[in-house]
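Colleague: Structure of the sequence below:
(2 chains)
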Amino acid sequence: MSLDPSFVGRTYPPTAPYLVGREKIREFATAIGATDPAHHDPEAARALGHADVVAPPTFPVLVTMAASRQIVNDPELGVDYSRVVHGDQRFAYTRPVVAGDELVCVNTIEDVSTRGGHGFLTTRTDVSTVDGEPVVAVWAKIVVRGEA
Amino acid sequence: MELPVQTYRVTRADLVRYAGASGDFNPIHWSDRTATGVGLPGVIAHGMFTMALVGRAVAGWAGAPDAVVDFGVRFTRPVVVPDTDEGTEIEVAAVVKEVTEDGLTRLDITATCRGEKVLSQARALVRTPR
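Modeller: Presented below is the predicted three-dimensional model:
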């Protein structure tokens, strides 16, 4: 799978806002067995200084994975999604995500390479509130497996 | 300093629940037919589910649900989840590498399933509890 290296540095338009729901945070926390009251009870979250329930650290992937379809579905880039494997994932927080946040994603292609017949694509997604407050930067590396 | 090992049991029901919560409905995480059809040994856990369990361990060690400042992993090997009541188990261990001057703790993390490493370069930076 040969990916076009000229895409490095390309930034996409901001995505439509994602409203973080309290019940979605509770559902996600329950699915991963995270029982800390701050994920479930607004009062417990407020005791830590947050406006509402706090999302677990990997929660933003719900928002960024959907946002990154902007890249993997870019017909010019030509990623074959059926051959995609998740390689790396990283979150660098300015502050945790809390219920009530309206989040906007800006995707940038940081690196594109081809090695051993496989394509490697590193994306950076800057997640901020609709008011422009930075929340978390999220990196993902995907591998597009070559034809065997 | 080594932190206490955390063990998490993972069953097919957990994968279904995570699929719904995360919106990742890739059938390799619930269909044996699809998983084996693309050359996997069987249904595998979402990499992000494993990372979420590690995040849970990290928050537990840090003693606060909002302590994680930076968290990254590389997915090296799939976690195969058999269709049994027992499923499989993921073991998460970590060592403290450094406590920075501004009060952050750097952790190097190991996640294994059936004795094999499923993540590499797993690292977290956490705030020290208030």
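Colleague: in what helix or strand does the spatially closest residue to A:Val84 that is not a sequence neighbour lie?
Modeller: Among residues not flanking A:Val84 along the chain, A:Ile142 sits closest, at 5.2 Å (C-beta to C-beta, 6 or more residues apart in numbering or on different chains). All C-beta spots, glycine's among them, are computed from the backbone N, C-alpha and C. According to DSSP states H and E, A:Ile142 maps onto strand A:134-144.
Colleague: What residues of that strand count as buried?
Modeller: Across strand A:134-144, burial judged by 16 or more other C-beta atoms under 10 Å in any protein chain shown covers A:135-144.
Colleague: can you tell me which of those lies nearest to A:Ser6?
Modeller: Set against A:Ser6, the nearest of the buried residues of strand A:134-144 by C-beta to C-beta is A:Val144 (16.6 Å).
Colleague: residue in chain A nearest to chain B?
Modeller: Across chain A, the shortest distance to chain B (C-beta to the nearest C-beta) belongs to A:Arg90, at 3.2 Å.
Colleague: how far off strand A:134-144 does the lengthiest strand in chain A point, in degrees?
Modeller: Ranked by number of residues, the top strand in chain A under DSSP state E is strand A:102-115. Here strand A:102-115 runs at an angle of 30 degrees relative to strand A:134-144 (axes from the mean of the first three to the mean of the last three C-alpha atoms, to 10 degrees).
Colleague: On the three-state scheme, the residue nearest in space to the middle of chain B is what?
Modeller: With distances taken as C-alpha atoms, centre = their mean, B:Thr50 lies nearest the centre of chain B, 2.7 Å away. The three-state assignment at B:Thr50 reads helix, by DSSP: H, G, I helix; E, B strand; the rest coil.
Colleague: in the longest strand of chain A, what's buried?
Modeller: Within strand A:102-115, the residues that count as buried by 16+ other C-beta under 10 Å are A:103-109, A:111-112.
Colleague: and if you look at stretch A:3-15?
Modeller: Buried, per 16+ other C-beta under 10 Å, within stretch A:3-15: A:3, A:10, A:12, A:15.
Colleague: Which residue, other than its chain neighbours, is closest to the first one?
Modeller: Nearest non-adjacent residue to A:Leu3, counting by C-beta to C-beta, 6+ apart: A:Gly119, 4.2 Å away.
Colleague: do the same with A:Val8
Modeller: Closest residue to A:Val8 apart from its sequence neighbours, by C-beta to C-beta, 6+ apart: A:Val112 at 5.3 Å.
Colleague: pLDDT for the buried residues of strand A:134-144 - can I get that in CSV?
Modeller: What follows is the buried residues of strand A:134-144, written out as CSV (pLDDT from 0 to 100):
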residue, pLDDT
A:Val135, 98
A:Val136, 98
A:Ala137, 98
A:Val138, 98
A:Trp139, 98
A:Ala140, 96
A:Lys141, 96
A:Ile142, 93
A:Val143, 92
A:Val144, 89
